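A.B. asks: what's the 3D shape of this:
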Amino acid sequence: MSTIWQLENRKRTEIFDDIQLLLEESSCLDWLGDKSAPIYLKPNLVVAKPASTGATTTPAVAEGLILFLNRAGYKNISFAEGSWVGDSTGRAYKICGYETLSQKYNIPLLDLKKDEAISLKTHGESFKICRSLYELNEKGGSLINLPMLKGHGQTNITCALKNLKGCIPDSEKRRYHSLGVHRPVALLNTLIKPAFALVDGLNGDPGWEEGGSPQEHNLLFIGKDPVTIDSYAAKLLGYRPDEVEYILLAHQFGLGSLFSDDDLIELKETSANHRRDSLNLRTEEIKTLKKQFSEIIDDDSACSACHSHLLSALKVLSNKNPELFNGFQSKSIQIGQGFKEKKLLTTTRGIGICTAGAEKYCPGCPPASSKIIEFLSE
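C.D. replies: Numbering: from 1, shown residues only. So this is what the prediction gives:
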């Protein structure tokens, strides 16, 4: 049986104690290699925004893990991350508080965007991963996943499985979207297998990967099986596993078991049912908004950053003008790699450099949300 250990963080000042409890109860040290072998910590720093926005892994979660590992004799620790296309990993490390952790605990910050790529085969298909991750496995080291519990504009949720997308080069991130993103994400997890995942469920944005509307959940949970973790994360955010295609694909590839209520161990007495219900409060609102967006957006293999910036712009515009959607024809906004070198209809608007064939388009790779707002407001 796959198991998830979970607790509700009572106060932010107690987060280190809570993490120690989680790590001890799960016996996670049994999942790691020799104490001298390297350990990489992989947070979700997809964008250079602080954790308070609901977009990135809370640095205190990483610090609690570092303290636990150090006390257990594990000293060879590094952070490893590659932010999404269009943002800087170094900038994210600084703004998200990881540069401070690096200096405090003498932990190197690996920028996987600068890493050499290596091509590997899985299930008859070739995919590139960052060489550092391949060499980590060769050295008998361990990768510890520090994902967030949050929503995603394209895949509905992102947690343990999708967080590994930061371990591939930018060119491969773009290719994943041209392949439909779900299958590549699932297959990536056959090539890179973290020792376990410690999930930051403190205040992630339940709808969007770029944050902006954080919702206080006060949850922390840990597990070894990424499929169990992600199917549980989907349930918390109000989605069935079949509404997140890569979860079912990962299950089919033999990467883990779908969550059942028997898998959960609550470490503290909490009003669990009330809390879980509260996590779903925004789900129907988010689904309605996504449906409205999908009616006017013609998405053909758009990268996450470009797509997210467009959604952020539309959210701002729709808040200012609830009748916004009445002013757009069906599929009148084109976005994505599928529109490269195509001449688009004059009645459409293009978002990003891939839609340069449109009569009117917003340049950039990706264009900033502010630029898209300005462009669509004309």
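
A.B. asks: which residues of the stretch 201-350 of the chain fall in helices?
C.D. replies: Taking DSSP state H, counting those that start in this stretch, the helices of the stretch 201-350 of the chain run over residues 226-236, 245-252, 272-279, 283-296, 304-320.

A.B. asks: Out of these, which gets nearest to Glu125?
C.D. replies: Evaluated with C-beta to C-beta, these place helix 245-252 nearest to Glu125, the distance being 12.6 Å. C-beta coordinates here come from the backbone N, C-alpha and C atoms, glycine included.

A.B. asks: What are the buried residues along that closest one?
C.D. replies: Using 16 or more other C-beta atoms under 10 Å as the test for burial, helix 245-252 gives 245-251.

A.B. asks: Over to stretch 215-232?
C.D. replies: For stretch 215-232, burial by neighbour count (16+ other C-beta under 10 Å) applies to 215, 217-232.

A.B. asks: Could you do stretch 286-300 as well?
C.D. replies: 286, 289-290, 293, 296-300.

A.B. asks: quick revisit: make TSV out of the helices of the stretch 201-350 of the chain and add mean pLDDT and distance to Ser78.
C.D. replies: As requested, these are exported to TSV (pLDDT from 0 to 100; distance: least, C-beta to C-beta, whole Å):
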stretch	mean pLDDT	distance to Ser78
helix 226-236	97	21
helix 245-252	98	26
helix 272-279	52	33
helix 283-296	82	35
helix 304-320	87	25
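
A.B. asks: so where's the protein shaky on pLDDT?
C.D. replies: 1, 9-13, 269-282, 324-325, 346 (pLDDT under 70).

A.B. asks: quick check: domain ranges of it?
C.D. replies: Domain assignment for the chain by automatic domain parsing gives 4-279, 287-377.

A.B. asks: and Lys104, that one's in a helix?
C.D. replies: Yes - assessed by DSSP: H, G, I helix; E, B strand; the rest coil, Lys104 belongs to a helix.

A.B. asks: number of nearby residues for it?
C.D. replies: Residues lying near Lys104 (other C-beta atoms under 10 Å) number 10.

A.B. asks: do Lys340 as well
C.D. replies: Residues near Lys340, counting by other C-beta under 10 Å, number 15.

A.B. asks: okay but it is in contact with Cys354, surely?
C.D. replies: Yes - using C-beta atoms under 8 Å, Lys340 is in contact with Cys354, at 4.9 Å.

A.B. asks: Okay, strands next: where are they in the stretch 51-200 of the chain?
C.D. replies: For the stretch 51-200 of the chain, the strands defined by DSSP state E, counting those that start in this stretch cover 77-81, 109-111, 117-122, 125-130, 142-146, 150-152, 156-158, 196-201.

A.B. asks: Nearest to Cys28, out of the ones you listed?
C.D. replies: Closest approach to Cys28 among the strands of the stretch 51-200 of the chain (C-beta to C-beta): strand 196-201, 5.4 Å.

A.B. asks: For that closest one, which helices and strands make contact with it?
C.D. replies: Applying 3 or more C-beta pairs under 8 Å, 6 or more residues apart in numbering; DSSP states H and E, one finds that strand 196-201 contacts helix 15-26, helix 59-71, strand 142-146, helix 160-163, strand 219-223, helix 226-236.

A.B. asks: re the thing from before, so which of the buried residues of stretch 286-300 is the closest to Trp84?
C.D. replies: Using C-beta to C-beta, those come closest to Trp84 at Asp299, 16.5 Å.

A.B. asks: Who are the contact partners of that closest one?
C.D. replies: Applying C-beta atoms under 8 Å, 6 or more residues apart in numbering to Asp299 gives the contacts 154, 307, 335-336.

A.B. asks: Thr158 too?
C.D. replies: Counting by C-beta under 8 Å, 6+ apart, Thr158 has contacts 44, 147-148, 150-152, 209.

A.B. asks: Sweet, I'm off.
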